[in-house]
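Colleague: here you go, sequence then predicted model.
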Amino acid sequence: MCDRKIEEYIKLALKVQDLTDWHVDVAGKANKEDGYIGDITFVRVTGKTTKKTFDLVIKASKESEKLRHQAPVKEAFEKEIFVYNEVKTAFDEFQRDKGIAAPLQIMPHCYATRITEGSEVLIFDNLKTENFDLWDKTKPMTFGHIKLILENYGKWHAISLALKKERPQVYGRLIKDNINMFGYFITKVKMLDYFVDIFEKAKNTVIASDETEILTNLQFSGSDIIHVLTDMLLEDPDSHVIIHGDCWNNNFLFKFEDNPTQPLDVRILDWQCAGVSSPVIDLSHFIYSCCDTGVYKNVRELLAVYYESLSQYLKQLGCDYNEIFPFSKLIEHWRRFSSYGMVLSSYIIKACLCKPEDTPDWADSAEQGKQFRDNFNYGVADEDVYFTRVRNNLLHYAHNKNCL
């Protein structure tokens, strides 16, 4: 990103901060794995006279015309901008009207957004200067991390359910013309068959042919898998919420002090795949991508953490949680929709275990004339770890589908 654009974006971000004369230090850029369809730049802005300091993250869409032709970069950035400008604003206003003085802080503060021809940008607080950091994506999260995320998803989904009941016109405006971006994205880039192939390969590698009871619960045809990742998200609309939709390790920033296994707070990043569906789409995506399902074998324990948060926040918002979304409905949805996270995890865990040097650069690949699927021809650093985690997920899904 050139100096002229950085200065342009800083002016956009700080136009209401009474800071007109400043010095800029570019602190660096994010790794490729943190910006597949965007460039992320960290800057520190210091006022020359007032000495105010702002640590910012500039997230700008890739401008490669070939990539933007291959993939819905524009639509993904527009989705995230809509979440920050419209959804979060409506959620915050609703919470304050319900007497919640400090609305849920689930995402970084966004100073500004902009959409122009061939370019989109969001500008955030740099939370890493406030002791927030990522968890190591190659390792399953500890219970401290898991609990924080489940509690925050519980509150976010609760706001969505309460708003839908109390202010249906506002909620209706927020979901009008919704596109569930992940399914739309993989359809647009012609990757549906890839997800069928990676799931089938992983299943056939880790489940033996004589494990008939397990295989009975894993009988997904190619068309079944495509349905799970796309049209299934439209089912049971009465219980839909606004979902995050991208629940893998690198979209969670944790605040630490002394103990790295006991985070104090969390912020959820990257809302480009937000959409409208069952809460279990987020929950299964997160649990099967980030948790050790060989340890947390009974999903009811994790769902109880989530539901305690959701039910109590619904109560704070003046709603009867047993009427809006009882625990029995959550269990029903887990049985019905958790295949989403289970199927997706064979890809997500592979991405988590990819060697840094093998991480694809989607823009470079497009400029070289490669097909989009060529970005995914990489291996993992440790196949034993990969297949162990995938097997644990498949066993977990099969067990909990029958035993809840």
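Modeller: Sure thing, it's come through.

Colleague: please list all residues in contact with the closest residue to Asp21 other than its chain neighbours.
Modeller: Of all residues not flanking Asp21 in the chain, Lys48 sits nearest, at 4.8 Å (C-beta to C-beta, 6 or more residues apart in numbering). Yep, even glycine has a C-beta here, placed from its N, CA and C like the rest. Applying C-beta atoms under 8 Å, 6 or more residues apart in numbering, we find Lys48 in contact with Asp21, Trp22, His23.

Colleague: report the secondary structure state of the last one.
Modeller: The three-state label for His23, taken from DSSP: H, G, I helix; E, B strand; the rest coil, comes out as strand.

Colleague: tell me the contacts of it?
Modeller: His23 touches Val45, Thr46, Lys48, counting by C-beta under 8 Å, 6+ apart.

Colleague: pull up the pairing partners for the worst-scoring helix or strand of the chain on mean pLDDT, direction included.
Modeller: Within the chain, no helix or strand scores below strand 22-29, which has a mean of 80 by mean pLDDT, DSSP states H and E. Strand 22-29 has its sheet partners listed here by DSSP bridges as strand 38-47 (antiparallel).

Colleague: which residues touch the strand it pairs with?
Modeller: 1, 6, 10, 14, 19, 21-30, 34, 52-62, 73, 77, 126, 128.

Colleague: what do you get if the cut-off is 7 Å, keeping everything else the same?
Modeller: If you take C-beta atoms under 7 Å, 6 or more residues apart in numbering as the criterion, strand 38-47 is touched by 1, 6, 10, 14, 19, 21-30, 34, 53-62, 126.

Colleague: likewise for stretch 154-171?
Modeller: So stretch 154-171 is in contact with 90-91, 94-95, 104, 106, 241-242, 279, 306-307, 309-310, 313-314, 317, 319, 324-325, going by C-beta under 7 Å, 6+ apart.

Colleague: distance from that stretch to the middle of the chain?
Modeller: Distance of stretch 154-171 from its chain centroid, counting by C-alpha atoms, centre = their mean, to the nearest Å, is 19 Å.

Colleague: got it, and stretch 261-273?
Modeller: Centroid separation for stretch 261-273 versus its chain: 9 Å, with C-alpha atoms, centre = their mean.

Colleague: how about that stretch: buried residues?
Modeller: For stretch 261-273, the neighbour count (16 or more other C-beta atoms under 10 Å) marks Pro263, Val266, Arg267, Ile268, Leu269, Asp270, Trp271, Gln272, Cys273 as buried.

Colleague: now stretch 210-221
Modeller: Result for stretch 210-221 [16+ other C-beta under 10 Å]: buried residues Ile214, Asn217, Leu218, Phe220.

Colleague: could you do stretch 108-117 as well?
Modeller: Pro108, Cys110, Tyr111, Ala112, Thr113.

Colleague: any chance of the residues you listed in CSV, plus secondary structure?
Modeller: As requested, those are exported to CSV (three-state DSSP):
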residue, secondary structure
Pro108, coil
Cys110, strand
Tyr111, strand
Ala112, strand
Thr113, strand
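
Colleague: so which of these is the closest to Leu253?
Modeller: Closest approach to Leu253 among these (C-beta to C-beta): Pro108, at 7.7 Å.

Colleague: which stretch of helix or strand covers Leu174?
Modeller: Following DSSP states H and E, one finds Leu174 within helix 168-175.

Colleague: how about the CA coordinates for that helix, as PDB?
Modeller: Listed next in PDB are the C-alpha coordinates belonging to helix 168-175 (Å, rounded to 0.1, in the frame of the first residue of the first chain):
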ATOM      1  CA  PRO A 168     -39.100  -7.000  13.600                       C
ATOM      2  CA  GLN A 169     -38.900  -4.100  11.100                       C
ATOM      3  CA  VAL A 170     -35.400  -3.200  12.200                       C
ATOM      4  CA  TYR A 171     -34.300  -6.900  12.000                       C
ATOM      5  CA  GLY A 172     -36.000  -7.300   8.700                       C
ATOM      6  CA  ARG A 173     -34.000  -4.400   7.300                       C
ATOM      7  CA  LEU A 174     -30.800  -5.900   8.500                       C
ATOM      8  CA  ILE A 175     -31.400  -9.300   6.800                       C
END
